[in-house]
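Novice: sharing a model prediction with you, sequence too.
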Amino acid sequence: MRGKEESLLHRWFEEVWNKRRPDAIDEMFACEGVAHGLVDQSGNELCGPEGFKPFFQSFLSAFPDLHVTVEDAIAEGDRIAARCTVTGTHVGEGIGLAPTGRPVTFSGMCMVRVKDGKIVEAWNNFDFMMMFQQMGVMQPPGS
């Protein structure tokens, strides 16, 4: 059985990404929240629900069938860490690239700090290089 804190991160990936609920961003991401490792079109870290939603919409428009599976999660104190697998098919231009029609599968890790039941800080490390390689827009290192 998952702890209350651990289930928040499971709920984030399920409600926001898998069920595509932008209102869940408001429910779980604090107004003063910061998503480190994810940036807007100007290269700024994503701040608060209003800063996160354009990234969310762009990514889903590029990968409308996107699915995130939380493989493992650990909670201690006000921190939760999760290891995830992301799958999808690149059929839209939301990330600034012409659709390739190619499927992608890549992994990532996310650690969040929770305060008053909401995410106030998140550190994201997803293998976007693998995603771009699978889309055919980037060559693997050493090839």
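Specialist: Right, received. Where do you want to start?
Novice: report the mean confidence score over stretch 127-135.
Specialist: For stretch 127-135, the per-residue pLDDT values average out at 95.
Novice: likewise stretch 65-82?
Specialist: Regarding stretch 65-82, the rounded mean pLDDT is 96.
Novice: contacts made by that stretch with the rest, please.
Specialist: Residues lying outside stretch 65-82 but in contact with it, judged by C-beta atoms under 8 Å, 6 or more residues apart in numbering, are 2-3, 5-6, 8-10, 13-14, 17-18, 59-60, 83-89, 91, 109-115. Heads up, the C-betas are built off the backbone N, CA and C, glycines and all.
Novice: now the longest helix that the chain contains: mean pLDDT?
Specialist: Residue-count comparison of every helix in the chain, with assignments taken from DSSP state H, identifies helix 48-62 as the longest. Confidence for helix 48-62, expressed as mean pLDDT, is 97.
Novice: relative to the whole chain's centre, how far out is it?
Specialist: Relative to its parent chain, helix 48-62 has a centroid offset of 10 Å by C-alpha atoms, centre = their mean, to the nearest Å.
Novice: I'd like the numbering to begin with 55 instead of 1 from here.
Specialist: Okay, residue one is now 55; in that scheme the one you just asked about reads as helix 102-116.
Novice: quick one: strands adjacent to the helix or strand just after it?
Specialist: Using DSSP states H and E, the helix or strand that follows helix 102-116 in sequence is strand 121-130. Strand 121-130 sits in its sheet next to strand 133-143 (antiparallel), going by DSSP bridges.
Novice: now the strand it pairs with: buried residues?
Specialist: Taking 16 or more other C-beta atoms under 10 Å as the basis for neighbour counts, the residues of strand 133-143 that come out buried are I134, A135, A136, C138, V140, G142, T143.
Novice: now stretch 114-128
Specialist: Within stretch 114-128, the residues that count as buried by 16+ other C-beta under 10 Å are L114, A116, F117, L120, V122, V124, A127.
Novice: got the buried residues of strand 133-143 as JSON lines, with distance to E86 columns?
Specialist: As requested, those are arranged in JSON lines below (distance: C-beta to C-beta, whole Å):
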{"residue": "I134", "distance to E86": "18"}
{"residue": "A135", "distance to E86": "21"}
{"residue": "A136", "distance to E86": "22"}
{"residue": "C138", "distance to E86": "24"}
{"residue": "V140", "distance to E86": "27"}
{"residue": "G142", "distance to E86": "30"}
{"residue": "T143", "distance to E86": "35"}
